[in-house]
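1. structure of the sequence below:
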Amino acid sequence: MLRVIAGDYKGRILKTPKGRSTRPTGDRVKEAIFSMIGPYFTQESCLDVFAGSGALGIEALSRGVQYATFIDKESVAIINENVSNLRLTDRVTIFRMNFKQAFMHLHEQGAMFDLVFADPPYSALLLSSCLDALVQLTLLAPQALVIAEMHSESATPDIPGLLCSKEAIYGITKIAVFRFA
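-> Got it, this is the predicted structure:
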């Protein structure tokens, strides 16, 4: 069971995709992430890449972020259901496509994000290309935070323009917090 852990929607249950194609960020790791970056936010916009259930973006909305964009190739119906159940549909945009296509579309719109969550499938080796594309396509606002999840045994990506300020390991998950310089 996945739930919102703090803010306006604290305690609300979120649906998760069935099967093993996604790995929802559990409450313990989610709580650790938000402890690392701050409990509440004044940022305008959040991007949740490889969103799955949308739990990280929804958590950010619950804690004060004004608007969230979700990207996922497969779990859009679950994200739609979760944001609809919380009556957040007017504060979100959802893309059902791969991150490269979505990033190009967002770049063409001139979108920039203050807070980004990137949690690709561990086996797909997509994290470095995702982080690099965020920088190259100027999708990050000045001083944006990028929170990346990866397998605990993975090397933390070294991406020009992103400074890793914190790392922590929780079981098989490594969390890295980057600041856009």
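
2. contacts and neighbour counts: CA atoms only from here.
-> OK.

3. pLDDT-wise, which helix or strand of the chain ranks last?
-> When the helices and strands of the chain are compared on mean pLDDT, DSSP states H and E, helix 27-37 comes out lowest with a mean of 88.

4. contacts for whichever helix or strand comes after that helix, please.
-> Sequence order places strand 45-49 as the next helix or strand after helix 27-37, per DSSP states H and E. Contacts to strand 45-49, defined as Cα atoms under 8 Å, 6 or more residues apart in numbering, come from residues 54, 56-57, 60, 65-72, 99, 112-120.

5. what do you get if the cut-off is 7 Å, keeping everything else the same?
-> Applying Cα atoms under 7 Å, 6 or more residues apart in numbering, the set of residues contacting strand 45-49 from outside is 56-57, 65-72, 99, 113-119.

6. and those, which are buried?
-> Among the contacts of strand 45-49, those classed as buried by neighbour count (16 or more other Cα atoms under 10 Å) are 56-57, 65-72, 99, 113-119.

7. where's the least confident helix or strand of the chain relative to the chain centroid, distance-wise?
-> Centre-to-centre, helix 27-37 and its host chain are 12 Å apart (Cα atoms, centre = their mean, to the nearest Å).

8. three-state assignment of the residue nearest the centre of the chain?
-> The residue lying closest to the centre of the chain (Cα atoms, centre = their mean) is Phe117, at 2.4 Å. Classification of Phe117 by DSSP: H, G, I helix; E, B strand; the rest coil places it in strand.

9. got it, and Glu74?
-> coil.

10. residues contacting it?
-> So Glu74 contacts Arg96 (Cα under 7 Å, 6+ apart).

11. returning to that earlier point: look up how far Ala176 lies from the residue nearest to the centre of the chain.
-> Distance, Phe117 to Ala176, using Cα to Cα, to the nearest Å: 10 Å.

12. what do those two both touch?
-> Joint contacts of Phe117 and Ala176 (Cα under 7 Å, 6+ apart) are 147-148.

13. which helices and strands sit right next to the least confident helix or strand of the chain?
-> The helices and strands touching helix 27-37, judged by 3 or more Cα pairs under 7 Å, 6 or more residues apart in numbering; DSSP states H and E, number zero.

14. pull the CA atoms of it into PDB?
-> Extracted in PDB, the C-alpha atoms of helix 27-37 (Å, rounded to 0.1, in the frame of the first residue of the first chain):
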ATOM      1  CA  ASP A  27       7.100   5.100   2.100                       C
ATOM      2  CA  ARG A  28      10.500   4.700   3.900                       C
ATOM      3  CA  VAL A  29      12.500   5.800   0.900                       C
ATOM      4  CA  LYS A  30      10.000   8.600   0.000                       C
ATOM      5  CA  GLU A  31      10.200   9.900   3.600                       C
ATOM      6  CA  ALA A  32      14.000   9.800   3.400                       C
ATOM      7  CA  ILE A  33      13.900  11.800   0.100                       C
ATOM      8  CA  PHE A  34      11.800  14.500   1.500                       C
ATOM      9  CA  SER A  35      13.900  14.700   4.700                       C
ATOM     10  CA  MET A  36      16.900  15.200   2.500                       C
ATOM     11  CA  ILE A  37      15.400  18.000   0.400                       C
END
